[in-house]
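Asker: Build me a model:
(2 chains)
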Amino acid sequence: MTASRLPRPSRLFRPQRLLIYLILILTAAFFLLPVYVLLITGLKSFQEINLATMWAWPRNLSLASFAKAWNGSQAEGFRGLSGSFLNSVYLTVPATVISAMLGSINGYVLAKWRFRGADVLFPAMLFGMFIPYQSILIPLVQMLQRVGQITKPLSVALLALSVPPALAWFPPWLANFVPAYGTIGGLILVHVVYGIPITTLIFRNYYAAIPTELIEAAKIDGAGLLGIYRWVLFPLSMPGFVVVIIWQFTSIWNDFLFGLIVTSRPAVQPITVALNNLAGSYIVQWNVQMAGALLAALPTLLIYIVLGRFFMRGLLAGSLKG
Amino acid sequence: MRRLTRDRILSIALITPSAVAILVFVYGFIGFTGFASLTHWDTLFPDYTFVGLRNYAKLFTIERFQLDLRNTVTFTVFFLLACLSVGFGLAVLIDQRIKGEGLFRSIFLFPMAISFVVTGVVWRWLLAPGTEQTGSYGVNLLFEQAGLGFLRNGWYTAPIIWHISSESTLGILLQSIGLGFLASPKFGISWPMVSVVIAATWQMSGYTMAMYLAGLRGIPDELREAARVDGATEFQIYRYIIVPLLTPITLSAVIILGHISLKIFDLVVAMTGSGPGFSTDVPAFYMFDTTFRGNHFAEGAGIAIIILLVVAVLIIPYLIYSARTEVQQ
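Answerer: Residues are numbered from 1 along each chain as shown, chains lettered A, B, ... in the order given. So this is what the prediction gives:
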């Protein structure tokens, strides 16, 4: 730590430093190129939309492309992204919270209550992080259909609820969360399960760095497993939670494969699937597609801009060794 | 003592749900997929007639699957080379105590926060080539305006496969030693895949940069100083000290990026799909296509197991290695 604060004597003299900046700036321009195009295309008015002037700055600023991507167009026959954006919110928030809690408890047990077999269990769990999900999709769909048969009475009961007309949207909305094939609840279940390896890994490494003396002291004071978690570890866990929540939020929001396989109805599709449909449709103009892409990227981009350094930590945890 | 035992049971009870979930959803499901790949399940309705390895034998004779393997190799090699070199280069430049380090780092890393679908949609338009009638689009247009018109090309729409021609000297030479089959487009390099590599590198090279940067920052300055005192040039310091010290990071990066490239799906779907003549088709997409659109479940299961085995060969030694080094610490 102290070493990095000392000025590093560099032999690179001025022209070389200029070259360094030049390369960095050119590379940065390359990295920002897509963002530039996304932004200016989204902000152009429909009259200005022309692939031949794709790089030109907009003459009149207009949010029409965003409005169209968000609301869709009945005349042109395509759905906007507003519904699927909300689906992604309904999906990502609970799945993130549940998998963070699970990961925290698993990490606590694996780091501080080592039992026989933990050395096998942990790597066996981690392997789940790397598998190509294609290798579990077929039984996953079957399993969710089974689960759906079991949970069907619940969603039927929910839909049959008699509510005041003003709340008529509520039972169907709630029924979407019942785990089954083709529901948001089913997708939440999938993300929670396949999120276990990475969340457990991050928390286990986080808790491993907390001195065991702290645990021992609490034990002497008479605290049990749950008491230690509640009063000693959990209050120290916030940085761990931030990293895990950012990581899970980003990967669940950005997931495409599970959304594609588990949700066949447009009404429950997450935004990545809806964006892919929008972009694959020949009737949707490209400026609307670009505006849609920006809308889909916005939540995770905002998180990155605000909480970037925690994002980095999750990223490096994903490579096992930071 | 009794209290500790109770806590011990409780600790196992707490981790059991997760352990069971992983056991079922990872290992049980993989087992089922493996089983399904040995059956005759070819419609919406399961048919568990056992056919042994016939599905696998058939797969390797299907042209689409052969081309997918070629595309995966093309993608993996170019993607790894690009990410490692761009990532390492950027990390070294950023490590030179430059001004605005944080800003540059953020710019190189932000694509990681975006989904592959968004990346695919954007790059599909950036690399859309345009036609004779409409004029150039996207990057081609940029080239034109910068006076680099000769760089214009069809990107992912041009079904160009670089391969050894069977009429060339090399092709004839290969034929004479019984390797004539190598002189075919099936052992070529798919140019449309390079477009996908560009998009993927845009998204992932910042990650490699972050890993290398963390590694560079962990190397004590004294080492460089000692080398300078001994008269080493900057290049020699990197060549003989820094790069070898970063080997574990390179290894991690190769494994992480390699397994991503073997699984690549979202980006291909959003950007190009199968491409002209399956030039950007990949096994993960073939699996999805044949299973969930074609209902050829056994065939899809076979592809899935093949991808899994290749990934496992890469990942399992890495997991064991990581677990060992951790124990040593």
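Asker: Give me the neighbour count for A:Val93.
Answerer: A:Val93 has 15 neighbours, counted by other Cβ atoms under 10 Å in any protein chain shown. From N, CA and C alone the C-beta is placed, and that goes for glycine too.
Asker: any idea how far B:Ile160 is from it?
Answerer: For A:Val93, the distance to B:Ile160 equals 46 Å [Cβ to Cβ, to the nearest Å].
Asker: got it, and A:Leu257?
Answerer: Here the criterion is Cβ to Cβ. By it, A:Leu257 lies 29 Å from B:Ile160.
Asker: which regions of chain B sit below the pLDDT cut-off?
Answerer: Residues of chain B meeting the criterion pLDDT under 70: B:1-4, B:326-329.
Asker: which residue is nearest the middle of it?
Answerer: What sits nearest the mean C-alpha location of chain B, by Cα atoms, centre = their mean, is B:Ser261, with 1.3 Å.
Asker: you'd agree that one is up against B:Val73?
Answerer: No: applying Cβ atoms under 8 Å as the test, B:Ser261 and B:Val73 come out as separate, 9.7 Å apart.
Asker: For the closest residue to chain A within chain B, which non-adjacent residue is spatially closest?
Answerer: In chain B, the residue that lies nearest chain A is B:Ser115 (3.3 Å; Cβ to the nearest Cβ). Take B:Ser115 and drop its neighbours on the chain: the residue closest to it by Cβ to Cβ, 6 or more residues apart in numbering or on different chains is A:Asn254, 3.3 Å away.
Asker: so what's the one you found scoring on pLDDT?
Answerer: Confidence at A:Asn254, expressed as pLDDT, is 96.
Asker: Run a quick check on it versus B:Met112, I expect a contact.
Answerer: No: with contact defined as Cβ under 8 Å, A:Asn254 does not reach B:Met112; the gap is 9.8 Å.
Asker: which residue ranges form the strands in the stretch 51-200 of chain B?
Answerer: Counting by DSSP state E, counting those that start in this stretch, one finds strands in the stretch 51-200 of chain B at the ranges B:130-131, B:135-136, B:161-162, B:189-190.
Asker: so can I have JSON lines of these showing mean neighbour count and distance to chain A?
Answerer: JSON lines is the format used below for those (neighbours: other Cβ atoms under 10 Å in any protein chain shown; distance: least, Cβ to the nearest Cβ, whole Å):
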{"stretch": "strand B:130-131", "mean neighbour count": "15", "distance to chain A": "7"}
{"stretch": "strand B:135-136", "mean neighbour count": "16", "distance to chain A": "5"}
{"stretch": "strand B:161-162", "mean neighbour count": "16", "distance to chain A": "24"}
{"stretch": "strand B:189-190", "mean neighbour count": "23", "distance to chain A": "21"}
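Asker: Which among those is found nearest to B:Ala253?
Answerer: Counting by Cβ to Cβ, B:Ala253 lies closest to strand B:189-190 out of the strands of the stretch 51-200 of chain B; the figure is 22.6 Å.
Asker: Work out which residue lies at the spatial centre of chain A.
Answerer: Averaging the C-alpha coordinates of chain A gives a centre point, and the residue nearest to it by Cα atoms, centre = their mean is A:Thr250 (2.5 Å).
Asker: wait, what's in contact with it?
Answerer: Remark: with contacts taken as Cβ atoms under 8 Å, 6 or more residues apart in numbering or on different chains, A:Thr250 is in contact with A:Thr300, A:Ile303, A:Tyr304, A:Phe311, A:Gly314, B:Ala113.
Asker: which one among those gets closest to A:Gly224?
Answerer: Taking Cβ to Cβ as the measure, A:Gly224 sits nearest to A:Gly314 out of the contacts of A:Thr250, at 30.9 Å.
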